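# coordinates for the following, if possible.
(chains A and B)
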Amino acid sequence: MTLLFLQQYWWLLVSLLGALLVFMMFVQGGNSLIFSLGATDVQRRALTNSTGRKWELTFTTLVTFGGAAFAAFPLFYSTSFGSAYWLWMLILVTFVVQAVSYEFQHKQGNLLGARPFQFCLQLNGILGPLLIGAAVATFFEGSNFVVQKDNLTLMADGGGLLSGGSLVISAWANASHGLDALLCPWVLVFGFAVVFLTRILGILYFMNNVEDEDIRSRGSVRLVGQTVPFLILFVAYLVHLMLKDGYAYDPATGVIAVEPMKYLHNLIALWPLAIVLVAGIALVLFGIVVEILAGSPMPGVGKRKDCFADRYANKGIWFAGTGTVLTVLVLLLIAGWNNTAFYPSTADLQASLTIENASSSEFTLRTMAWVSLFIPFVLAYITYAWRALDRKKVTTDEMEHSHHTY
Amino acid sequence: MSPNLLTIDAAAVDWARAQFALTAIYHWLFVPLTLGLGLIMSIMETRYYRTGDDFWRRTTQFWQRLFGINFAVGVATGIILEFEFGTNWSNYSWLVGDIFGAPLAIEGIIAFFMESTFVAVMYFGWDKVSRGFHLASTWLTWLGATISAWWILVANAWMQYPVGCEFNPDTMRNEMTSFFDVALSPFAIDKFCHTVISSWVIGAAFVVAVSAWYLLKRRAAEREMALKSLRIGAVVGLVASVGAAVSGDESAYKVAEVQPMKLAAMEALYNGGTDQSLTAVAWVNPFRQPDYTTEGEAPLRVAIPNGLSILATRTVHGFVPGVNDILNGYTLEDGTVVPSAAEKMARGRAAIAALAAYRQAKADGADEATLSTHLAALRADMPYFGYGFVKDEAELVPYIPVNFWAFRIMVGLGSLFILFFALILFLEWRKRDVSQMRWLLMAAIAMLPCAYVCSESGWLVAEFGRQPWTIQDMLPVSASVSDVEAGAVAATFWLFLTLFTAMLAVEVNIMLKQIKRGSEHNS
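Numbering: from 1, shown residues only, chains lettered A, B, ... in the order given. Have a look, this model is predicted:
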């Protein structure tokens, strides 16, 4: 295992966690639609209880993404979190209020009633995916930061300053601390594409997880309303990404340079990824289309029983979910592999972070690679527990009689 | 705190510290209950599994509902803590991320997924999965939480006693050289044992207090549950409080070895020596740093002869350095000379200067000989690297009153718990009806807040005592922070304070309502 191999391997794992996180944000997307899909209180409760069985996994994926980024690419962790302060704080706050809202919303004595907590779930449902999507988009659009490792030695010379400045190595180049990223239109395009994608996944998850015809038929109608804006935003961003300049580095010298259509070049150079990307997008679309067709008898299609989609009714989430993971994985891989700077700096091109200059030492990466052998085992027990729990679907009836409901 | 550096606004450092302390203190209100109640709940469910008696099922479910209310807040405050390493301690994250990141990642991969997967089965799986699988899920939730405590305490212990790493001047950071030295550091093992076992005391105190309340209110429906829970709670409580005392003693011994200044602050020991007595009480003004250079010793001191020497060195006559000894330098019994603070600071500055010279020379393409001269200079003074950022030796003395009093509160309350749980078990053993002893039941309720105070005091000692270091001798807080203005951090501090306090208020209120409703009700 060479250092470069380990760096690529860990970029793959961090990307995989990122991709899984986007999929798991069906919890957020679903929560943002509680009032749109649930007509009655009991239905809304069934919906929050349905995402309520998974929110901890989403949360854990986010935390582990942070932990893995810290361990494998500490310069990214210290630069992004320490500089884009406000952006990350906003993300954290929306996740914190979400975490307690499940448990608190319907409990006696919660002081505030159910509404504020439901509001928090919805706030996180929209802002969570939007801001995380925005953060991912900065991998392509660049961020306004500088990195100056020699700053730490500024205290030399008997405690005086060699030059005016700060001891801090990584800093945002202006006082907005990350909020200016939200002014970039393409960052917003990608952010909202993620919002609509998570709403799609939320609906598909509900159709699979909540046994309620009312919710299911409403879901398949709402699906169209989410898919159209998603496709417009996503295709727009994809085209933009393929045509835009990227940030390449010379593996021999580490010097970073702008390369036109870098990401398209990456897809061509790493052509199997292009295939995976196409497959991923196709799976997402397939998952959506089967649920739309299966859910509502469309005029002219004739008897619903003949529709192929019926075979996959309420299973769209598995296709769209897998597709989401594959698509996001490829996007993140082409941001970091093939000599690309994955966290470009718009303030100082040479400060841009690459998987080579931001990574941990070979020793640490190798040690962690051994730990990563646990991952298949972790995925296996998650799958096992998920299936065991979901063998019986959530029902509105259960909301009134169960031992533990949110 | 006095301004440490010209380059960084001292207020920014203080706000960053305040924010981290706030988050950690709140986080630690919820985590020990998860660890402690999780254990007791698992024991109860094991009884249900073995006997099939529906009573144990209801009892487990009752405690599980209280567990659930608390669990979410622990998770919510935990995520902030993890990300605050990056948001507020950016320099730190880069300088030691190579070592510190690994435990955090492992915590996520191995512990958090276990916890979050099985907690859902535990809550929702009662009628959906088999009894055996459910029991396993309850234990695995607890195990996941405990493993997560292991890794975060490994990370914390490493900051207090950095081992298994080496500074690399080319990458400008510390790099790991031995994973096992980090993961199995004796300091980490002690810290883990002491912290986790003391969490069980909180779980036990909680179960005992709630049970006592039912007995005090003479609630017939909950009487059996309360009596049996009280007994389990008292057994766990006694075992845990004794275990916490033993592991605490071991921790103090380790602190004496690697963080003598922390021990001196805990003891308010200004001038050390051989045959040191252990202070039981003394008057240390809680609101003012004492004048340790001239005061001699704290007034009104009552002490146990040779106690501190035994605690710190395991010998009756052992030498224990005081604050002034550490500042002025001292010689250990084996002849090792520990340099004075002034010398450490000078050597730290020399290390930083050598590093700067090395990097400049490297950038200028200097020859190997020049580079290795600088490198040799750096290596010679590297053990004192962090002292180079310290401007005034007074910064090296932690705030003594907090350490002194928090340590005494922790030890005093800890001893009280041993007596209290032993008393309950003694009365039970003598077949006395504890449900009739109002004083005992009221005392049991009073023990619960004491348990939290005791536990938080322990953390105050651990974290205040290591100031000014983020990483002992390697990096002070002033060189660890992010480049974020004091105003911005102050804003998030107040935001979190409001948020966490609201969450705590809601949690406590829901808990109380839930307890009042008793064991028979749903949601």
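# drop to CA atoms for contacts and neighbour counts, all remaining ones
Fine.
# quick one, helices of the stretch 301-406 of chain A?
Remark: helices assigned in the stretch 301-406 of chain A by DSSP state H, counting those that start in this stretch are A:316-336, A:362-371, A:375-390, A:396-401.
# okay, these in TSV with mean pLDDT, distance to residue B:209 and mean neighbour count next?
Shown next, in TSV, are the helices of the stretch 301-406 of chain A (pLDDT from 0 to 100; distance: least, CA to CA, whole Å; neighbours: other CA atoms under 10 Å in any protein chain shown):
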stretch	mean pLDDT	distance to residue B:209	mean neighbour count
helix A:316-336	96	46	25
helix A:362-371	93	41	18
helix A:375-390	90	34	15
helix A:396-401	79	29	15
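# tabulate the ones you listed (a markdown table), appending distance to residue B:329.
Formatted as a markdown table, the helices of the stretch 301-406 of chain A follow (distance: least, CA to CA, whole Å):
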| stretch | distance to residue B:329 |
| --- | --- |
| helix A:316-336 | 51 |
| helix A:362-371 | 36 |
| helix A:375-390 | 50 |
| helix A:396-401 | 68 |
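# and residue 187, what does it touch?
As the question left the chain open, I've gone with chain A. Residue A:187 makes contacts with A:133, A:134, A:137, A:138, A:141, A:181, as judged by CA atoms under 8 Å, 6 or more residues apart in numbering or on different chains.
# correction: the question concerned chain B.
So residue B:187 contacts B:157, B:158, B:161, B:251, B:254 (CA under 8 Å, 6+ apart).
# centroid-wise, who is the farthest residue in chain B?
Residue farthest from the centre of chain B, counting by CA atoms, centre = their mean, is residue B:367 at 47.7 Å.
# quick one: that one from chain A, how far?
Per CA to the nearest CA, to the nearest Å, residue B:367 is found 19 Å from chain A.
# again with residue B:326
Distance from residue B:326 to chain A, by CA to the nearest CA: 22 Å.
# same deal with residue B:425?
33 Å.
# what's the neighbour count on that residue?
The burial count assigned to residue B:425 is 19, neighbours taken as other CA atoms under 10 Å in any protein chain shown.
# A helix includes it, no?
Yes - under DSSP: H, G, I helix; E, B strand; the rest coil, residue B:425 falls within a helix.
# need the helices for the stretch 101-250 of chain B, in chain order.
Counting by DSSP H, counting those that start in this stretch, the helices of the stretch 101-250 of chain B are B:113-124, B:131-160, B:179-183, B:186-216, B:223-258.
# give me the angle between the longest one and helix B:131-160.
Here helix B:223-258 runs at 30 degrees with respect to helix B:131-160, directions being taken by axes from the mean of the first three to the mean of the last three CA atoms, to 10 degrees.
# tell me the helices and strands packed up against helix B:223-258.
Applying 3 or more CA pairs under 8 Å, 6 or more residues apart in numbering or on different chains; DSSP states H and E, we find helix B:223-258 packed against helix B:10-51, helix B:186-216, helix B:260-267, helix B:307-313, helix B:400-429.
# those into TSV, with extra columns for distance to residue A:363?
As requested, the helices and strands packed on helix B:223-258 are exported to TSV (distance: least, CA to CA, whole Å):
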stretch	distance to residue A:363
helix B:10-51	30
helix B:186-216	21
helix B:260-267	32
helix B:307-313	36
helix B:400-429	38
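# would you map the strands across the stretch 401-523 of chain B?
Secondary structure of the stretch 401-523 of chain B (DSSP state E, counting those that start in this stretch): strands at B:469-471, B:475-476.
# hang on, the earlier thing: possible to save the helices of the stretch 301-406 of chain A as a markdown table with distance to chain B?
Compiled in a markdown table, those are given as follows (distance: least, CA to the nearest CA, whole Å):
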| stretch | distance to chain B |
| --- | --- |
| helix A:316-336 | 18 |
| helix A:362-371 | 6 |
| helix A:375-390 | 6 |
| helix A:396-401 | 8 |
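# for residue B:372, find the nearest of the ones you listed.
Nearest of the helices of the stretch 301-406 of chain A to residue B:372, taken as CA to CA: helix A:362-371 at 23.0 Å.
# got the contact list for that closest one?
A:1-3, A:6-7, A:10, A:71-72, B:98-99, B:102, B:106, B:175-177, B:179.
# now do stretch B:438-449
By CA under 8 Å, 6+ apart, the residues outside stretch B:438-449 that reach it are B:202, B:205-206, B:208-210, B:212-213, B:215-216, B:417, B:434-435.
# distance from stretch A:187-196 to the middle of the chain?
Distance of stretch A:187-196 from its chain centroid, counting by CA atoms, centre = their mean, to the nearest Å, is 11 Å.
# buried sites along it?
A:187, A:188, A:189, A:190, A:191, A:192, A:193, A:194, A:195, A:196 (16 or more other CA atoms under 10 Å in any protein chain shown).
# how about the third one, what does it touch?
If a contact means CA under 8 Å, 6+ apart, then residue A:189 has A:233, A:234, A:237 as its contacts.
# where does the chain have low pLDDT?
In the absence of a named chain, chain A is used. Counting by pLDDT under 70, the ranges of chain A that qualify are A:155-165, A:295-307, A:403.
# meant chain B, my bad for not saying
In chain B (pLDDT under 70), the answer is B:1-10, B:520-523.
# can you give me the domain assignment for it?
For chain B, the structural domains run B:10-259+B:400-514, B:266-338, B:341-389, going by automatic domain parsing.
# as CSV, the ones you listed with distance to residue A:364 would be great.
What follows is those, written out as CSV (distance: least, CA to CA, whole Å):
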stretch, distance to residue A:364
domain B:10-259+B:400-514, 6
domain B:266-338, 32
domain B:341-389, 22
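# could you point out the longest helix of chain A?
If each helix of chain A is counted by residues according to DSSP state H, the longest one is helix A:213-243.
# and for the closest residue to residue A:336 other than its chain neighbours, the neighbour number?
Sequence neighbours aside, residue A:342 is the residue nearest to residue A:336 in space, at 4.6 Å (criterion: CA to CA, 6 or more residues apart in numbering or on different chains). Using other CA under 10 Å, residue A:342 has 28 neighbouring residues.
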